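Chemist: Need a 3D model of the following:
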Amino acid sequence: MGLFRSFLATLVLALVALVAISPVSTNASVVQDRKFAKLQSMALENKGIVELDSALFDEFVSTPRNYSIVILFTAMGPQFQCTPCKQFEPEFKLVASGWSRLPEKSKLFYARLDFEVGQMVFQKLGMNTAPTVMLLSPAKSESNQSPPSRYDFATQGMHADGFTTWIKTQTGFHVPVRRPINYVVLGVKVSGGLGVLAFLFGAYLNADKISIRRYIWSAVSLLTIFVMISGHMWNHIRRPAYNIPGR
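Modeler: Next comes the predicted model:
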């Protein structure tokens with residue numbers, strides 16, 4: 001009889017615990033679904049990019065999260081003179097627009113937070129450089145979430161192709177990059193190609209005269225030397241970091 005009573009008491013306690021936990025789990029699921037629906041709506045309205053401020057950042061970053069979110073931190077104001085921000089933002093938009101074209105939207109969102117509307121977040125994160133890209137993975141609670149991943153501009157570059165490769169490595173999601181045709185650049189390349197062909201054809205017709213002109217060979221030699229000792233060549237070989245945080 002005592003054993004039976006102990007069994008009943010254990011069963012009652014288990015049922016009470018289950019009833020107490022169930023609303024919490026249901027509430028967490030509702031919160032996740034609400035945030036997911038809000039993110040998807042904001043992304044669809046803005047070609048795949050969710051524009052954040054401090055309040056929205058705290059809302060979407062908070063747990064629980066059943067989605068991944070890539071956040072670009074920028075300082076686009078003219079007073080900051082952030083040239084890298086202006087260089088990378090179009091590439092980020094290009095990748096985000098690829099998400100908006102997917103027939104089945106993945107649980108990966110692209111968001112942007114600028115310093116002018118997110119100063120509190122920059123201060124809270126101790127962030128003093130821009131641009132910075134941070135990736136947050138799904139998490140059920142604050143205690144079990146993994147540290148955010150950061151995009152390394154020095155090794156991955158400032159272009160959409162390297163950025164999407166990094167995202168696929170981190171999350172497994174692939175977003176196709178469809179770069180629009182830049183007819184101005186295309187025209188310049190075609191014109192330049194035709195100019196090079198015309199120059200080579202003229203050089204071919206006058207090869208015997210060019211081969212004995214020492215001034216031409218001196219100019220070519222000096223140009224080669226200047227290119228090889230230039231800062232551009234050093235950067236191309238050593239690939240230094242794009243920016244280094246101050247101490």
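Chemist: What ranges does the chain have for its strands?
Modeler: For the chain, the strands defined by DSSP state E occupy 49-52, 68-74, 108-114, 132-136, 149-150.
Chemist: can you give me the angle the fourth one makes with strand 108-114?
Modeler: Between the axes of strand 132-136 and strand 108-114, defined by axes from the mean of the first three to the mean of the last three Cα atoms, to 10 degrees, the angle is 140 degrees.
Chemist: what helices or strands is strand 132-136 leaning on?
Modeler: Here strand 132-136 touches strand 68-74, strand 149-150, helix 160-171, going by 3 or more Cβ pairs under 8 Å, 6 or more residues apart in numbering; DSSP states H and E. All C-beta atoms are positioned from the backbone trio N, CA, C, and that covers glycine.
Chemist: Any stretches of this structure with poor pLDDT?
Modeler: The model of the chain has pLDDT under 70 over residues 1-26, 103-106, 180, 209-212, 238-247.
Chemist: all helices of it, in order?
Modeler: 2-45, 54-61, 83-100, 119-125, 153-156, 160-171, 183-205, 207-210, 214-228, 231-238 (DSSP state H).
Chemist: sorry, back to before: among the helices and strands packed on strand 132-136, which is the most enclosed?
Modeler: Comparing the helices and strands packed on strand 132-136 by mean neighbour count (mean count of other Cβ atoms under 10 Å), strand 68-74 ranks first with a mean of 23.
Chemist: Run me through the strand neighbours of it, direction for each.
Modeler: The pairing partners recorded for strand 68-74 under DSSP bridges are strand 108-114 (parallel), strand 132-136 (antiparallel).
Chemist: ok, and what's touching the first one?
Modeler: Residues from elsewhere that reach strand 108-114 (Cβ atoms under 8 Å, 6 or more residues apart in numbering): 39-40, 43, 48-53, 57, 60, 67-77, 89, 92, 95-96, 99, 121, 167, 171, 173, 175.
Chemist: ok, of those residues, which come out buried?
Modeler: 39, 43, 48-50, 52-53, 57, 60, 67-75, 89, 92, 95-96, 99, 121, 167, 171, 175 (16 or more other Cβ atoms under 10 Å).
Chemist: From Val190, how far out is Met127?
Modeler: Here Met127 is placed at a distance of 43 Å from Val190 (Cβ to Cβ, to the nearest Å).
Chemist: quick one, which of these two is more surrounded?
Modeler: Neighbour count, other Cβ atoms under 10 Å: between Met127 and Val190, Met127 has more, with 17 against 10.
Chemist: The more buried one reaches Phe73, doesn't it?
Modeler: Yes. The pair formed by Met127 and Phe73 meets the contact definition of Cβ atoms under 8 Å, at 6.2 Å.
Chemist: Since that was my last question, I'll sign off now.
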